[in-house]
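Visitor: here is my input; please provide its structure:
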Amino acid sequence: SGTIDPTVSKFSNLRLLYLNNNELTGSLPEELYNMNTLETLALEDNNFKGAVSNSVGRLSKLAFLRLHNNKFTGNIPETLYDLTSLRLLWLLGNRFTGEIDSAIGNLSMLRELHLADNSFRGSIPASVGGLIDLGELIIILNVETEKRFLFHGAVFSTI
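Guide: Model prediction:
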(Lines give C-alpha, C1' and ligand atoms only; values in the text may rest on other atoms or scores of the structure.)
Protein backbone atom coordinates (compact mmCIF):
# COMPACT_ATOMS: atom_id res chain seq x y z
CA SER A 1 0.00 0.00 0.00
CA GLY A 2 1.02 3.64 -0.19
CA THR A 3 1.94 5.86 -3.12
CA ILE A 4 4.65 5.89 -5.77
CA ASP A 5 7.63 7.73 -4.36
CA PRO A 6 8.77 10.47 -6.79
CA THR A 7 12.36 9.31 -6.32
CA VAL A 8 11.54 6.28 -8.49
CA SER A 9 12.65 8.44 -11.41
CA LYS A 10 16.24 8.18 -10.15
CA PHE A 11 16.36 4.73 -11.74
CA SER A 12 17.34 6.37 -15.00
CA ASN A 13 18.03 3.14 -16.92
CA LEU A 14 14.91 1.27 -15.85
CA ARG A 15 13.15 -0.44 -18.77
CA LEU A 16 10.40 -2.32 -16.89
CA LEU A 17 8.35 -1.04 -13.97
CA TYR A 18 5.79 -3.45 -12.54
CA LEU A 19 3.87 -2.10 -9.56
CA ASN A 20 0.62 -3.96 -10.15
CA ASN A 21 -1.55 -5.43 -7.38
CA ASN A 22 -0.02 -3.42 -4.55
CA GLU A 23 -3.01 -1.39 -3.28
CA LEU A 24 -1.18 1.79 -4.29
CA THR A 25 -3.16 5.03 -4.07
CA GLY A 26 -2.99 8.68 -5.04
CA SER A 27 -2.06 10.18 -8.37
CA LEU A 28 0.96 9.38 -10.48
CA PRO A 29 3.91 11.61 -9.61
CA GLU A 30 5.06 13.90 -12.40
CA GLU A 31 8.60 12.54 -11.96
CA LEU A 32 7.42 9.16 -13.24
CA TYR A 33 7.13 10.67 -16.72
CA ASN A 34 10.86 11.51 -16.70
CA MET A 35 11.73 7.82 -16.96
CA ASN A 36 12.31 7.98 -20.70
CA THR A 37 13.95 4.53 -20.90
CA LEU A 38 10.75 2.77 -19.77
CA GLU A 39 9.42 0.20 -22.21
CA THR A 40 6.83 -1.32 -19.86
CA LEU A 41 4.75 0.50 -17.27
CA ALA A 42 2.41 -1.86 -15.41
CA LEU A 43 0.32 -0.17 -12.72
CA GLU A 44 -2.86 -2.21 -12.96
CA ASP A 45 -5.06 -3.39 -10.11
CA ASN A 46 -4.28 -0.59 -7.68
CA ASN A 47 -6.30 2.42 -6.49
CA PHE A 48 -4.66 5.23 -8.43
CA LYS A 49 -6.91 8.20 -9.14
CA GLY A 50 -6.88 11.49 -10.96
CA ALA A 51 -5.92 12.30 -14.51
CA VAL A 52 -3.01 10.80 -16.38
CA SER A 53 -0.73 13.73 -17.14
CA ASN A 54 -0.04 14.96 -20.66
CA SER A 55 3.59 14.34 -19.68
CA VAL A 56 2.98 10.68 -20.49
CA GLY A 57 4.10 11.62 -24.00
CA ARG A 58 7.68 11.89 -22.71
CA LEU A 59 7.79 8.10 -22.29
CA SER A 60 8.77 7.75 -25.94
CA LYS A 61 10.10 4.17 -25.70
CA LEU A 62 6.97 2.82 -24.02
CA ALA A 63 5.67 -0.34 -25.70
CA PHE A 64 3.38 -1.70 -22.98
CA LEU A 65 1.10 0.56 -20.90
CA ARG A 66 -1.13 -1.24 -18.42
CA LEU A 67 -3.22 1.13 -16.31
CA HIS A 68 -6.34 -1.02 -16.01
CA ASN A 69 -8.48 -1.47 -12.92
CA ASN A 70 -7.70 1.79 -11.15
CA LYS A 71 -9.73 4.98 -10.72
CA PHE A 72 -8.13 7.23 -13.34
CA THR A 73 -10.38 10.03 -14.57
CA GLY A 74 -10.49 12.61 -17.35
CA ASN A 75 -9.71 12.28 -21.02
CA ILE A 76 -6.97 10.17 -22.50
CA PRO A 77 -4.05 12.61 -22.68
CA GLU A 78 -3.43 13.86 -26.23
CA THR A 79 0.27 13.08 -25.97
CA LEU A 80 -0.46 9.40 -25.40
CA TYR A 81 -1.27 9.22 -29.10
CA ASP A 82 2.34 10.26 -29.81
CA LEU A 83 3.69 7.05 -28.25
CA THR A 84 4.17 5.33 -31.59
CA SER A 85 6.08 2.40 -30.05
CA LEU A 86 3.01 1.29 -28.07
CA ARG A 87 2.01 -2.30 -28.74
CA LEU A 88 -0.33 -2.76 -25.79
CA LEU A 89 -2.67 -0.18 -24.27
CA TRP A 90 -4.90 -1.38 -21.46
CA LEU A 91 -7.04 1.37 -19.92
CA LEU A 92 -10.08 -0.74 -19.04
CA GLY A 93 -11.78 -0.53 -15.67
CA ASN A 94 -11.18 3.14 -14.91
CA ARG A 95 -13.26 6.31 -15.06
CA PHE A 96 -11.90 7.85 -18.25
CA THR A 97 -14.31 10.16 -20.07
CA GLY A 98 -14.52 12.09 -23.30
CA GLU A 99 -14.10 10.88 -26.83
CA ILE A 100 -11.43 8.66 -28.28
CA ASP A 101 -9.38 10.96 -30.51
CA SER A 102 -8.83 9.98 -34.14
CA ALA A 103 -5.11 10.37 -33.41
CA ILE A 104 -5.33 6.87 -31.94
CA GLY A 105 -4.59 5.83 -35.52
CA ASN A 106 -1.02 7.11 -34.95
CA LEU A 107 -0.40 4.06 -32.76
CA SER A 108 0.38 1.92 -35.79
CA MET A 109 2.24 -0.78 -33.81
CA LEU A 110 -0.68 -1.36 -31.44
CA ARG A 111 -1.67 -5.01 -31.06
CA GLU A 112 -3.94 -4.85 -28.01
CA LEU A 113 -6.37 -2.04 -27.20
CA HIS A 114 -8.59 -2.49 -24.15
CA LEU A 115 -10.86 0.45 -23.34
CA ALA A 116 -13.83 -1.32 -21.73
CA ASP A 117 -15.60 -0.23 -18.56
CA ASN A 118 -14.97 3.51 -18.71
CA SER A 119 -17.21 6.47 -19.55
CA PHE A 120 -16.16 7.22 -23.11
CA ARG A 121 -18.69 8.73 -25.48
CA GLY A 122 -18.97 9.53 -29.14
CA SER A 123 -17.97 7.44 -32.11
CA ILE A 124 -15.25 4.88 -32.41
CA PRO A 125 -12.77 6.71 -34.64
CA ALA A 126 -12.47 5.36 -38.16
CA SER A 127 -8.69 5.53 -37.72
CA VAL A 128 -8.94 2.42 -35.48
CA GLY A 129 -9.68 0.55 -38.70
CA GLY A 130 -6.19 1.42 -39.91
CA LEU A 131 -4.48 -0.33 -36.99
CA ILE A 132 -3.65 -3.37 -39.09
CA ASP A 133 -1.59 -5.15 -36.40
CA LEU A 134 -4.43 -4.94 -33.89
CA GLY A 135 -5.27 -8.42 -32.62
CA GLU A 136 -7.43 -7.48 -29.61
CA LEU A 137 -9.96 -4.66 -29.37
CA ILE A 138 -12.20 -4.51 -26.33
CA ILE A 139 -14.46 -1.47 -25.92
CA ILE A 140 -17.61 -2.90 -24.31
CA LEU A 141 -19.46 -1.37 -21.39
CA ASN A 142 -18.40 2.21 -21.93
CA VAL A 143 -21.17 4.00 -20.10
CA GLU A 144 -21.54 7.38 -18.55
CA THR A 145 -23.22 7.17 -15.12
CA GLU A 146 -26.57 5.42 -15.48
CA LYS A 147 -26.97 5.99 -19.22
CA ARG A 148 -26.83 3.26 -21.80
CA PHE A 149 -23.92 2.54 -24.12
CA LEU A 150 -22.68 5.84 -25.53
CA PHE A 151 -20.52 4.87 -28.50
CA HIS A 152 -22.38 5.36 -31.74
CA GLY A 153 -21.79 5.48 -35.47
CA ALA A 154 -20.09 3.13 -37.91
CA VAL A 155 -17.58 0.60 -36.71
CA PHE A 156 -14.54 0.24 -38.99
CA SER A 157 -16.01 1.61 -42.19
CA THR A 158 -12.41 2.01 -43.38
CA ILE A 159 -11.53 -1.68 -43.37
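
Visitor: quick one: contacts for Ser60?
Guide: Contacts for Ser60 (C-beta atoms under 8 Å, 6 or more residues apart in numbering) come out as Asn36, Asp82, Leu83, Ser85. Every C-beta, even on glycine, is put in place using the N, C-alpha and C of the backbone.

Visitor: nearest to Gly57 among those residues?
Guide: Ranked by distance to Gly57 (C-beta to C-beta), the contacts of Ser60 are led by Asp82 at 4.8 Å.

Visitor: grab the nearest non-local neighbour of that closest one.
Guide: Spatial nearest neighbour of Asp82, excluding adjacent residues (C-beta to C-beta, 6 or more residues apart in numbering): Gly57 at 4.8 Å.

Visitor: need the pLDDT of the one you found.
Guide: Reported pLDDT at Gly57 in the predicted model: 97.

Visitor: quick check, Tyr33 in contact with Leu62.
Guide: No. Applying C-beta atoms under 8 Å as the test, Tyr33 and Leu62 come out as separate, 10.2 Å apart.

Visitor: now rank the contacts of Ser60 by neighbours and give me the top one.
Guide: Most neighbours among those, by other C-beta atoms under 10 Å: Leu83, with 22 neighbours.
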